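>>> Structure for this input, please:
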Amino acid sequence: MKRSASPDNPEISDAQLMFDVLNEIGIISQLSRALLESRLQDGLTQQHFGVLNHMVRLGDGCTPLEMARAFQVPKTSMSHTLAGLEKRGLVTMQPNPHDGRGKLIYLTDAGRELRSSAISAIAPDVIAMIPQFGRDDANAALPLLRKLRVLLDEAR
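Residues are numbered from 1 along each chain as shown. Below you'll find the predicted structure:
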């Protein structure tokens, strides 16, 4: 029988412990993606939302290659995602003034609005978790998750 991490099982290996942590995060990722996509409109995916969210948080005017690197996906996959966003009028791709062959991606007002409305649409679902999960637990988990994200980001 395989052992997994738990407070009552301190004898597991460091490798198993970290695998269990990452496994839980992966499962949470799948569940949260399904929840988000159930609230998105017009066949949009978590990947589409992720691009919009990234651009709101970090600014626009980047290249498709820079975006692909940020999301750690092949450029062709990112190009497909961006084409879907452009088709819906959520981003525009304009010629790169520094590279005549390249494009720069800009978020449109519709893209900003869609991101905002998606967050509003999922808000009741996430707010409903607070009584079960707890505000204190959420506040305690956030710095740990950010620390783990930074470690993983630096290791790529």
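>>> ok, now which ones touch residue 92?
By C-beta atoms under 8 Å, 6 or more residues apart in numbering, the contact set of residue 92 is 86, 105-106, 108. All C-beta spots, glycine's among them, are computed from the backbone N, C-alpha and C.
>>> can I get these in JSON lines with neighbour count and pLDDT?
Output for those, formatted as JSON lines (neighbours: other C-beta atoms under 10 Å; pLDDT from 0 to 100):
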{"residue": "86", "neighbour count": "16", "pLDDT": "97"}
{"residue": "105", "neighbour count": "22", "pLDDT": "97"}
{"residue": "106", "neighbour count": "15", "pLDDT": "97"}
{"residue": "108", "neighbour count": "17", "pLDDT": "98"}
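>>> quick one: buried residues of the strand ranked longest in the chain?
The single longest strand within the chain, with elements called by DSSP state E, is strand 99-107. The neighbour-count check on strand 99-107 (16 or more other C-beta atoms under 10 Å) flags 103-105, 107 as buried.
>>> what's the closest of those to residue 46?
residue 107 (17.2 Å; C-beta to C-beta).
>>> per-residue confidence at the closest one?
With respect to pLDDT, residue 107 scores 97.
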